[in-house]
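Participant: Quick one, fold the following:
(one chain, ligands or ions: 2)
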Amino acid sequence: ERTRAATAPVTPGRLADGTPVPLLANLGSAAAAAEAIALGAEGVGLFRTEFLFLDADRAPGITEQQAQYEKLLAAFPGRKVVVRVLDAGADKPLSFLNDAAEENPALGLRGIRALRRTEAILREQLTALAAADAVTNADLQVMAPMIATVEETRYFTALANELGVKTAGVMIEVPSAALLAERVLGACDFASIGTNDLTQYTMAADRLLGTVANLQDPWHPAVLQLIAEVGRAGRATGKPVGICGEAAADPLLAVVLVGLGATSLSMSPSALADVRASLARYGPDDAHAIARAALAAEGAAEAKQAARAVAESAI
Ligand code: PEP
Ligand code: MG
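Facilitator: Ligands and ions are numbered 1, 2, ... in the order given. The predicted structure follows:
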């Protein structure tokens, strides 16, 4: 009995009525894939490539990168694997991409801004990803971090396609991109909301600073309102809108996010079981009602309380 339970396939993420909500893993190395699969990850929603190179003092070469990406993609045959190009800067500085002298690195040359200034590194990474994709059979999707404008979205998707990446999207983690989500989605294939940075930039609260941690809370209705705008844009354009920030790992907030229009959720693999169980308790109408209650609240604590009250009356 025990052996059977341990090897039983984990059911995919879905709402009570069967509406699928793919539950994906946030990973920082290919070695972490096996555990994520054992915990029921249906694919990868965020592969943080900068984690592969935090200690490097020069940009990694194409061959070296391709080997890492092949290992990752080979672990997920037929599955979606969303790889993020290097998100260097602020909390994740890379010596070969960032300028250590910046006074406000979270507002500086980070993410796509740093890659664009050093385009050869971005070109090599996209080339390595396309080459790894060509010899494996996962559904590779590549996304850019810290997108702030529609023009940056066009720049990234054009370059990715030129170098052989078929599916290119962007992270929405800067409020400007959330506000223009419909135009951003019009210029790429999908969006994935990074709630960690979206909260940091919406609330103007450093995500690394304990003294402002009360503001670094994705339950704040201002953050939820921006997410709702992205969800609306997803429906309007017919493009997928995932979530890959920590918010997706909170079982009740996960229901709110789906109610706001998220089509998949990506999280640390250890959170998958609780989120899967929570989603299965509510239908789409419940999720909308729970999300509406949170959106209408005054602050983060009230939003959580209001969501909980509606959720309890729904089951
Ligand atoms: C985010 O900002 O929410 C995110 C998923 O990316 P990271 O935490 O790596 O900045
Ligand atoms: Mg981020």
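
Participant: what's the burial count for residue 214?
Facilitator: 13 (other CB atoms under 10 Å). C-beta coordinates here come from the backbone N, C-alpha and C atoms, glycine included.

Participant: List the residues that contact it.
Facilitator: Residue 214 makes contact with residue 300 under the criterion CB atoms under 8 Å, 6 or more residues apart in numbering.

Participant: Tell me the secondary structure at it.
Facilitator: When classified by DSSP: H, G, I helix; E, B strand; the rest coil, residue 214 comes out as coil.

Participant: Pop out the phi and psi values for it.
Facilitator: When read as degrees, to the nearest 10, the backbone of residue 214 gives phi -70, psi -30.

Participant: Residue 174 touches residue 145, doesn't it?
Facilitator: No. In this structure, residue 174 is not within contact of residue 145 by CB atoms under 8 Å, at 9.6 Å.

Participant: And whichever residue of the stretch 201-315 of the chain sits closest to ligand 1, how far from residue 194?
Facilitator: Nearest to ligand 1, among the residues of the stretch 201-315 of the chain, is residue 245, at 2.9 Å (CB to the nearest ligand atom). Counting by CB to CB, to the nearest Å, the separation of residue 245 from residue 194 is 5 Å.

Participant: Which stretches in the stretch 1-150 of the chain count as strands?
Facilitator: 23-27, 44-48, 80-84, 139-144 (DSSP state E, counting those that start in this stretch).

Participant: same check, this time on the stretch 201-315 of the chain
Facilitator: With DSSP E, counting those that start in this stretch as the criterion, the stretch 201-315 of the chain has strands spanning 241-243, 264-267.

Participant: Which of these has the highest mean neighbour count?
Facilitator: Greatest average neighbour count among those goes to strand 241-243 (a mean of 29), per mean count of other CB atoms under 10 Å.

Participant: Which strands or helices does that strand pack on?
Facilitator: strand 191-193, helix 221-237, strand 264-267 (3 or more CB pairs under 8 Å, 6 or more residues apart in numbering; DSSP states H and E).

Participant: Strand partners (parallel or antiparallel) of it?
Facilitator: strand 191-193 (parallel), strand 264-267 (parallel) (DSSP bridges).

Participant: starting at the chain centroid, how far to it?
Facilitator: How far strand 241-243 lies from its chain's middle: 6 Å, per CA atoms, centre = their mean, to the nearest Å.

Participant: can you check stretch 183-192 too?
Facilitator: Using CA atoms, centre = their mean, the offset of stretch 183-192 from its chain centre is 14 Å.

Participant: What average pLDDT does that stretch get?
Facilitator: Across stretch 183-192, pLDDT averages out at 98.

Participant: So, low pLDDT: which residues of the stretch 1-150 of the chain?
Facilitator: Along the stretch 1-150 of the chain, segments meeting pLDDT under 70 span 1-9.
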